[in-house]
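In: need a 3D model of the following:
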Amino acid sequence: MLKNWLKIAFINYKKNWLSTLINVLGLSVGLCVFLLIFIHWQDEKSYENWIPNNENIYLVETGNPSFGTMIVSSYPELAVSKEKFPEIEDYTIANSWEDYKVKLSSGNNSVFTSNARVSDSFFDFFPFKKVAGSYKNAISENNKIALSEETAKGLFGDEYKDCIGKLIKMDDSDDKSYVITAVYQIPEVNSVYKPGFVMRHPSSEESKKSWTNYSYVGYFILKPGTNVQDLEKKMSDLVSAHEKISAEKWGEKYEEKNKMKVHLTPIAKMKLDAKSEGISKGDKKSIMILLGLSALILLLSGINLINLRTAQASQRAKEIGVRKVIGSSRTKIIIQFLLENLIICIVAYILALAAVELLLPTFNTFLGKEIKLSDGRVFLYSGILLLIFAFLSGIIPAFYLSNFKPINTLKGNFSRSKNGVWLRNSILTLQLVISSFFIICSLIIHSQVKLMLNKELGFKGDQVIQINFKKTDWENNYNLKKYLRLKAEVAKISGVESVTGSVISIGSGFVNSSTVKKATDTLQVLKNVINGAIDRNYFDFYNIKFASGRDLDWNRASDTISGAVANEAFIKKMGWNHQNALGKEVYPGWEEKKRKYKILGIIKDFYVNGVDKPVEPMLFFNYDRNWSKGNMSNLQIKLSGSDIKGTLEQIKEFWVTKAEPGYPFDYEFVDKRFAKTFEKFQKQQMLFTTLNVVVLVIALLGLFALSSLVIDQKLKDVAIKKTLGADERTIIWDLTKKFLIICILAVLVSFPFGYYAMNEWLKDFAYRIDMPIFPFILSMILLLILTFSVVSIKAYKATKMNLVKYFKYE
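Out: Numbering: from 1, shown residues only. Here you go, the predicted model:
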């Protein structure tokens with residue numbers, strides 16, 4: 001019986017080779033797209049799965065409605081909570097920033113690597129595989145250090161396992177020595193923690209007592225069965241109580257609506273589900289959107305499969321009728337059609353896996369990852385998905401075909417079945433709804449990204465490079481002295497037009513923000529004001545325009561001591577305008593002693609962190625005024641356009657020989673670095689455009705195959721019309737108008753879905769386009785043209801038929 005079923009299946013595959021090919025290719029493309037996105041999702045979910053007991057380890061995040069949620073906590077928030085709440089077994093501090101690297105040296109060998117500044121219990125939370133030494137008391141003192149295997153090899157070569165107890169130096173201003181206590185192996189699996197070395201966090205006694213010094217990335221181990229939401233509430237109340245005490249101490253009004261909120265996120269989920277910016281946080285929203293869209297493409301492939309199988313019903317009707325007459329049961333007929341469908345799905349799955357393997361390197365390059373098709377769960381989950389998909393896409397036509405009545409099919413009456421026509425039209429409508437939805441979304445995404453790319457940024461960063469210091473130290477004015485020395489030396493290099501510096505870096509975030517109070521009413525507080533410590537020529541350097549007032553005059557003592565320049569966002573949030581803001585005085589929170597700043601000028605807003613976010617309020621002042629001078633750890637250099645390559649070579653020669661010998665030299669063009677803030681959205685645009693092309697190809701191939709089958713069933717009607725004198729134009733219109741009506745209906749149905757989805761997507765942008773009308777109109781026009789083009793090809797061929805062929809039996 002099985003052999004007979006397989007023989008019948010392959011006979012029908014061969015007979016309907018075009019629809020079979022379209023089914024296999026469409027389904028393989030749909031599966032390929034879905035698998036690529038699914039693999040990406042599984043890869044993002046796999047972070048920190050290597051940690052034992054990870055189900056009980058939680059990242060501590062803190063924030064309020066005004067500041068937002070931060071990944072950092074205060075020291076007492078972690079330490080006091082551990083003592084106060086019995087649900088918490090232990091805590092650790094794990095500060096590790098990927099971009100912050102330090103030079104270690106031993107003899108003539110040196111390594112420039114990342115690091116983690118942690119508390120004593122770090123290795124209890126992150127038990128890296130031990131290569132040498134012991135984790136017990138490994139970082140119990142400030143002069144102890146644990147090295148990664150790679151770092152140890154770089155310093156000691158093949159004898160790296162014997163480095164325990166040896167001294168190495170960290171290249172800072174004090175040239176301190178550290179004793180090696182352990183060597184660990186960084187996990188090869190996904191983890192956000194891959195430090196080149198680990199050492200004790202140098203927390204001061206003052207910071208250990210401060211509830212408002214949010215500087216520590218903390219984790220808790222909770223007892224199994226802990227009510228996490230209840231613990232979050234108790235910790236939120238504790239932190240809020242101390243925030244209120246601090247606010248009253250500073251003479252500020254504590255607002256209950258801005259009450260602090262503590263979030264505890266499972267460490268295995270923090271890569272995607274962290275409430276704050278996280279550590280190398282993934283974009284869960286984009287992944288879930290792409291996963292949903294790829295599922296729609298898979299659904300589209302299934303629709304093709306169902307539609308073409310039901311469209312072929314008239315060809316199988318007599319076969320089913322005969323089999324029922326000779327005693328075949330409905331169950332066996334259903335199983336036979338499910339088997340035929342499963343064969344198509346398995347072939348498509350094999351082709352999809354091959355395509356995934358071929359496309360994975362390109363996909364990895366696009367994502368900046370190293371995903372491998374080696375996770376057994378991917379094959380398990382996709383195999384289960386394949387079986388479910390094969391069953392669902394096969395059961396509808398199987399039930400439909402097995403329901404034929406022998407008396408009707410043997411008389412040849414099936415083709416006039418209203419149910420068959422209704423089912424095909426409904427499924428075709430759904431197919432075109434999905435296609436229209438993708439077109440609308442692609443056009444709107446393109447318009448939003450175009451707006452961002454063309455938006456006036458408020459500064460000119462072309463031919464400007466920034467070099468960040470590799471060797472830094474915040475003691476003894478080391479960074480300031482280095483900045484002044486290198487600025488003077490670099491300015492002498494031919495081809496350098498100008499040099500400046502600031503604590504903010506355009507395109508890469510801020511260093512510090514704080515509150516600012518009105519001097520006339522200290523209860524009026526503006527939060528999240530950016531510390532804009534700058535050098536004297538900063539505004540001219542970036543061609544930042546003034547809206548009113550003037551720049552700081554470095555020759556006036558009053559300007560350098562208390563003068564300030566604000567941006568328009570600051571003035572607006574303070575409730576002032578361009579005229580009455582000049583001369584106003586404020587108290588910035590970053591001043592250790594209460595000092596007034598006087599507003600001397602207002603600059604037009606310029607973007608720092610990307611145009612998808614609103615311009616933050618900023619207050620600019622002389623960098624040498626306070627502790628901010630210690631954060632002047634970069635040079636921003638404007639190059640002349642005559643010989644940029646030659647100038648860069650001269651700067652490199654100076655840097656590696658005199659500025660920072662022994663350190664790697666790198667730089668970034670400021671405009672290109674700012675352009676990276678668009679990358680996420682440009683990638684979304686590219687992915688959506690690619691998916692849109694895939695959707696249209698699958699839909700139009702399915703439409704072509706379906707229209708071919710439907711028109712083939714109407715060839716006798718066409719022959720009669722031609723005999724009665726109908727011209728080709730009339731016949732083509734009669735054959736295509738039904739498809740065009742379905743297309744119009746489908747596009748109209750897709751409008752509310754496209755509008756809702758894109759309105760939700762646009763909510764993430766501070767500056768967004770108004771919902772345009774043209775994508776909706778264009779989607780209808782485009783789909784109508786494509787539908788007519790595809791269907792009319794077969795319709796035109798139908799008009800060229802041989803009439804004798806269809807009348808010789810009449």
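In: what residues are up against E489?
Out: Contact partners of E489, counting by C-beta atoms under 8 Å, 6 or more residues apart in numbering, are F654, K658, A659. The way it works is simple: take the backbone N, C-alpha and C, and place the C-beta from them, glycine included.
In: tell me how far it lies from I651.
Out: 10 Å (C-beta to C-beta, to the nearest Å).
In: filter the contacts of E489 to the buried ones?
Out: The neighbour-count criterion (16 or more other C-beta atoms under 10 Å) marks F654, A659 among the contacts of E489 as buried.
In: now, the contacts of E489 that are in helices?
Out: Under the assignment DSSP state H, the contacts of E489 contribute F654 to helices.
In: tell me which of the contacts of E489 is nearest to Q524?
Out: Ranked by distance to Q524 (C-beta to C-beta), these are led by A659 at 45.2 Å.
In: which residue sits closest to that closest one, ignoring its sequence neighbours?
Out: Nearest non-adjacent residue to A659, counting by C-beta to C-beta, 6 or more residues apart in numbering: L486, 5.5 Å away.
In: for the strand or helix carrying A705, packing partners?
Out: For A705, the host element (DSSP states H and E) is helix 679-713. If you count contacts as 3 or more C-beta pairs under 8 Å, 6 or more residues apart in numbering; DSSP states H and E, helix 679-713 packs onto helix 17-45, helix 284-311, helix 418-454, helix 728-762, helix 774-799.
In: which among those is found nearest to L480?
Out: Comparing the helices and strands packed on helix 679-713 by C-beta to C-beta, helix 418-454 comes nearest, at 36.4 Å.
In: may I see the buried residues of that closest one?
Out: So helix 418-454, judged by 16+ other C-beta under 10 Å, has buried residues 420, 423-425, 427-445, 447-449, 452.
In: swap in stretch 139-154?
Out: For stretch 139-154, burial by neighbour count (16+ other C-beta under 10 Å) applies to I139, K144, I145, A146, L147, S148, E149, E150, T151, A152, K153, G154.
In: can you redo these as CSV with pLDDT?
Out: Shown next, in CSV, are those (pLDDT from 0 to 100):
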residue, pLDDT
I139, 91
K144, 93
I145, 95
A146, 95
L147, 96
S148, 95
E149, 95
E150, 95
T151, 95
A152, 95
K153, 94
G154, 93
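In: which of these lies closest to A355?
Out: A355 has its nearest neighbour among these in E150, at 35.3 Å by C-beta to C-beta.
In: residues touching that closest one, list them.
Out: T113, I186, G196.
In: rerun at 7 Å
Out: E150 makes contact with G196, according to C-beta atoms under 7 Å, 6 or more residues apart in numbering.
In: and what of the one 5 residues further on?
Out: For L155, the residues meeting the contact criterion (C-beta under 7 Å, 6+ apart) are L104, S106, N109, V111, I168.
In: any chance of those in TSV, with distance to N622 too?
Out: Shown next, in TSV, are the contacts of L155 (distance: C-beta to C-beta, whole Å):
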residue	distance to N622
L104	36
S106	41
N109	42
V111	38
I168	39
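In: just the buried members of the residues you listed?
Out: L104, S106, V111, I168.
In: burial count for F704?
Out: Neighbourhood size, F704 [other C-beta atoms under 10 Å]: 18.
In: can you check I186 too?
Out: Count around I186 with other C-beta under 10 Å applied: 16.
In: how about W761?
Out: Using other C-beta under 10 Å: W761 sits among 19 other residues.
In: I'd like the distance between it and V749.
Out: Between W761 and V749 the computed distance is 20 Å (C-beta to C-beta).
In: go on, V33?
Out: Plainly put, V33 is 23 Å away from V749 if you go by C-beta to C-beta.
In: so for those two, which residue has more residues nearby?
Out: Neighbour count, other C-beta under 10 Å: between V33 and V749, V33 has more, with 28 against 15.
In: do I have it right that the more buried one meets V694?
Out: Yes. Counting by C-beta atoms under 7 Å, V694 is a contact partner of V33 at 6.0 Å.
In: what is in contact with those two at once?
Out: Common contact partners of V33 and V694 (C-beta under 7 Å, 6+ apart): I297.
In: please, which helix or strand holds the residue nearest to A659?
Out: Assigned by DSSP H and E, L486 falls within helix 478-490.
In: centre of the chain versus that helix, how much separation?
Out: Chain-centre distance of helix 478-490: 38 Å, with C-alpha atoms, centre = their mean, to the nearest Å.
In: give the buried residues for it.
Out: Buried residues in helix 478-490, defined by neighbour count with 16+ other C-beta under 10 Å: Y478, N479, L480, K482, Y483, L484, L486, K487, V490.
In: just the CA trace of it, in CSV.
Out: Only the C-alpha atoms of helix 478-490 are listed here, as CSV (Å, rounded to 0.1, in the frame of the first residue of the first chain):
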residue,chain,number,x,y,z
TYR,A,478,47.7,62.7,34.9
ASN,A,479,45.0,62.8,32.1
LEU,A,480,44.9,66.6,32.1
LYS,A,481,48.7,66.9,31.8
LYS,A,482,48.7,64.3,29.0
TYR,A,483,45.9,66.1,27.2
LEU,A,484,47.7,69.5,27.3
ARG,A,485,51.0,68.0,26.2
LEU,A,486,49.7,66.0,23.3
LYS,A,487,47.4,68.8,22.1
ALA,A,488,50.3,71.1,21.8
GLU,A,489,52.4,68.5,20.0
VAL,A,490,49.8,67.3,17.6
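In: name the next helix or strand downstream of it, please.
Out: Note on helix 478-490: by DSSP H and E, the next helix or strand toward the C-terminus is strand 496-500.
In: by how many degrees do that next one and helix 478-490 diverge?
Out: Counting by axes from the mean of the first three to the mean of the last three C-alpha atoms, to 10 degrees, strand 496-500 points 160 degrees away from the direction of helix 478-490.
In: centre of the chain to strand 496-500, how far?
Out: 36 Å.
In: again with stretch 603-620
Out: The answer for stretch 603-620 is 22 Å, by C-alpha atoms, centre = their mean.
In: what's in contact with it?
Out: Contacts for stretch 603-620 (C-beta under 7 Å, 6+ apart): 452, 455, 457-459, 504, 506, 509, 516, 526, 528-530, 532, 534, 539, 544-547, 564-570, 573, 588, 597, 677, 681, 764-767.
In: what's the end-to-end length of it?
Out: Here the two ends of stretch 603-620 are set 10 Å apart, with distance taken as C-alpha to C-alpha, to the nearest Å.
In: buried stuff in it?
Out: For stretch 603-620, the buried set under the neighbour-count rule, 16+ other C-beta under 10 Å, comprises 603, 605-612, 615-620.
In: cool, and stretch 62-78?
Out: Within stretch 62-78, the residues that count as buried by 16+ other C-beta under 10 Å are 62-64, 69-78.
In: just the endpoints, please. Distance across that stretch?
Out: For stretch 62-78, the separation between the terminal residues is 11 Å (C-alpha to C-alpha).
In: what of stretch 55-75?
Out: 24 Å.
In: how distant is that stretch from the center of its chain?
Out: In this view, stretch 55-75 has its centroid 21 Å away from the chain centroid, taken as C-alpha atoms, centre = their mean.
In: before we move on, what about stretch 224-243?
Out: On the basis of C-alpha atoms, centre = their mean, stretch 224-243 sits 30 Å off its chain's mean C-alpha point.
In: now do stretch 578-586
Out: 41 Å.
In: please apply the same query to stretch 275-289.
Out: Chain-centre distance of stretch 275-289: 6 Å, with C-alpha atoms, centre = their mean.
In: one more: stretch 678-696?
Out: For stretch 678-696, the separation from the chain centroid amounts to 13 Å (computed by C-alpha atoms, centre = their mean).
In: S374 in helix, strand or coil?
Out: coil (DSSP: H, G, I helix; E, B strand; the rest coil).
In: for M780, which non-adjacent residue is spatially closest?
Out: The shortest distance from M780 to any non-neighbouring residue, by C-beta to C-beta, 6+ apart, is to V747 (4.4 Å).
In: for the one you found, give its distance to N23.
Out: 25 Å.
In: where does the chain have its least confident helix or strand?
Out: Within the chain, no helix or strand scores below helix 406-411, which has a mean of 54 by mean pLDDT, DSSP states H and E.
In: one step back: how about JSON lines for the buried residues of helix 478-490, with distance to Y381 and pLDDT added?
Out: Shown next, in JSON lines, are these (distance: C-beta to C-beta, whole Å; pLDDT from 0 to 100):
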{"residue": "Y478", "distance to Y381": "54", "pLDDT": "85"}
{"residue": "N479", "distance to Y381": "51", "pLDDT": "88"}
{"residue": "L480", "distance to Y381": "56", "pLDDT": "90"}
{"residue": "K482", "distance to Y381": "54", "pLDDT": "92"}
{"residue": "Y483", "distance to Y381": "54", "pLDDT": "93"}
{"residue": "L484", "distance to Y381": "59", "pLDDT": "93"}
{"residue": "L486", "distance to Y381": "54", "pLDDT": "94"}
{"residue": "K487", "distance to Y381": "57", "pLDDT": "94"}
{"residue": "V490", "distance to Y381": "55", "pLDDT": "94"}
